[in-house]
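Chemist: fold the following for me, if possible:
(one chain, ligands or ions: 2)
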Amino acid sequence: MSNPVFVLGGGAWGTALALHAARIGAEVHLWARNAQTLPNGAMPRLSDYPLPPTVHVCSTLPQVTPDCVLVAIPTQYLASVLPMLPAGVPAVLCCKGIERQTLAFPLDILARERADVPGAVLCGPNFAREIAAGLPAAAVLAAPEHARAQALSSLLSSPLFRLYASTDCIGVQLGAAAKNVIAVASGVTIGAGLGENARAALITRGLAEITRLATALGGQAATLAGLAGLGDLLLTCTGAASRNYQMGLALGRGMNTHAALGSLPGVAEGITTAAALQALARAHGVETPITDCIAAFMEGQITLPQATHSLLSRPLKSEQEPSSPV
Ligand SMILES: NC(=O)C1=CN([C@@H]2O[C@H](COP(=O)(O)OP(=O)(O)OC[C@H]3O[C@@H](n4cnc5c(N)ncnc54)[C@H](OP(=O)(O)O)[C@@H]3O)[C@@H](O)[C@H]2O)C=CC1
Ligand SMILES: O=C(CO)COP(=O)(O)O
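Modeler: Numbering: from 1, shown residues only. Ligands and ions are numbered 1, 2, ... in the order given. Predicted coordinates for the structure are as follows:
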């Protein structure tokens, strides 16, 4: 790689992406809002993965033109870091969520704030620690133009981290955001002792719900059967390392939302995404019973037995009926 790569966000995902970019030969400038308090090589979230000398932690980005910028900031704060992006340089948004106030996806936020920056998104089943450790993984890199998606996936792929190009930005962003909500519900199911049958049903009907909404918004069903949909859903709903799943586990065991949040090692995007997803679904006339239940449960509006009853007492339907409620 001839030019450096910028990474915004010194959390788990930003650190893992910086390590990946360094492995593919880039000089990396990793921006963190608290960089000045960090000794070089000791990031807060993944301190067991020391940074190589080609990763420079900074609180101000250098005046050089990078090949691209990887943005790993929680979605609710994404807009606040976008003024830093260099004009004309592709920004790959690596967050998974929906802006609560506006119901905007990451690429919409970028278009709104920085029309001079070409955007792309990177989503898939990728626990930061495994990417940091250099374990094999795959993801989707989506951009509105095929040429941009292909160029960035070639630039950022490695023999261990395989990036598939896509132009279905809606499907990829919706899948990535919504899987966090289903992961919270999955954790609740296990935490409350409802069993693995219930969890498998929840994941499967969660995918049906996500696919229904994605296609109503203009996404493609095939994308939801891919890495950013089913792939990430499986990982986050069953992987003990998922913060969204851990959040659900704590809630299912009886902890309240505030206490459960305090017990997490990082952000759980599913918490803010649930209400945003619900609002988006309502605006498009799409039924999302699992999202509705988990949103109401997290807000303390219904109890777990009420949530379970509400899902199980829905009218029986044909599984294949495209417009059937869950
Ligand atoms: N962790 C993972 O395995 C993966 C995460 N993602 C996604 O990446 C995004 C980031 O997650 P992750 O890195 O894990 O989260 P973490 O909780 O580990 O870190 C969040 C980072 O964002 C910073 N931050 C928070 N608020 C602001 C703000 N207002 N301005 C600037 N920086 C801010 C934090 O800074 P500070 O340290 O100072 O608080 C921290 O560096 C999320 O959307 C997540 O869904 C995607 C794939 C994998
Ligand atoms: O997005 C992720 C894995 O693909 C990380 O999941 P959590 O945010 O739930 O930890």
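Chemist: got the residues of the stretch 101-250 of the chain near ligand 2?
Modeler: 125-127, 180, 183, 232, 235-236, 242-244 (CB under 6 Å from any ligand atom). Quick note: C-beta positions are derived from backbone N, CA and C, even for glycine.
Chemist: what do you get if the cut-off is 8 Å, keeping everything else the same?
Modeler: 123-128, 176, 179-180, 183, 232, 235-236, 239, 241-247 (CB under 8 Å from any ligand atom).
Chemist: what strands line up against the helix or strand residue 138 falls within, and which way round?
Modeler: Assigned by DSSP states H and E, residue 138 belongs to strand 137-142. With DSSP bridges as the test, strand 137-142 is paired with strand 119-123 (antiparallel), strand 161-166 (parallel).
Chemist: residue 93: what's it in contact with?
Modeler: Residue 93 makes contact with 71, 78, 106-107, 110, 119-122 under the criterion CB atoms under 8 Å, 6 or more residues apart in numbering.
Chemist: quick check: phi and psi at it.
Modeler: phi -90, psi 120 (degrees, to the nearest 10).
Chemist: please name the nearest non-neighbouring residue to it.
Modeler: Closest residue to residue 93 apart from its sequence neighbours, by CB to CB, 6 or more residues apart in numbering: residue 106 at 4.1 Å.
Chemist: now the residue in the stretch 201-326 of the chain that ligand 1 sits nearest to: how far from ligand 2?
Modeler: Sorted by distance to ligand 1 under CB to the nearest ligand atom, the residues of the stretch 201-326 of the chain start with residue 266, at 3.0 Å. For residue 266, the distance to ligand 2 (CB to the nearest ligand atom, to the nearest Å) stands at 7 Å.
Chemist: residue 17 too?
Modeler: 12 Å.
Chemist: which pLDDT value goes with that residue?
Modeler: Predicted confidence (pLDDT) for residue 17: 97.
Chemist: can you check residue 253 too?
Modeler: Reported pLDDT for residue 253: 97.
Chemist: again, but for residue 34
Modeler: pLDDT, read off for residue 34, is 82.
Chemist: and among the strands paired with strand 137-142, the most buried is which?
Modeler: Neighbour counts (mean count of other CB atoms under 10 Å) averaged over each of these peak at strand 119-123, with a mean of 27.
Chemist: can the strands paired with strand 137-142 go into CSV with extra columns for distance to residue 132?
Modeler: Below are the strands paired with strand 137-142 laid out as CSV (distance: least, CB to CB, whole Å):
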stretch, distance to residue 132
strand 119-123, 15
strand 161-166, 11
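Chemist: any chance of those in CSV with mean pLDDT and distance to residue 26 as columns?
Modeler: Formatted as CSV, the strands paired with strand 137-142 follow (pLDDT from 0 to 100; distance: least, CB to CB, whole Å):
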stretch, mean pLDDT, distance to residue 26
strand 119-123, 99, 15
strand 161-166, 98, 13
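Chemist: closest to residue 293 out of those?
Modeler: Minimum separation from residue 293 across the strands paired with strand 137-142 (CB to CB) falls at strand 119-123, 24.5 Å.
Chemist: next secondary structure after the closest one?
Modeler: helix 128-132.
Chemist: same for that following helix, what does it pack against?
Modeler: Contacts defined by 3 or more CB pairs under 8 Å, 6 or more residues apart in numbering; DSSP states H and E place helix 128-132 against helix 12-23.
Chemist: residues making contact with the helix or strand just after the helix it packs on?
Modeler: From helix 12-23 onward toward the C-terminus, using DSSP H and E, the following helix or strand is strand 28-31. The contact list for strand 28-31 (CB under 8 Å, 6+ apart) reads 4-10, 14-15, 18, 21-22, 51, 54-62, 66, 81, 84.
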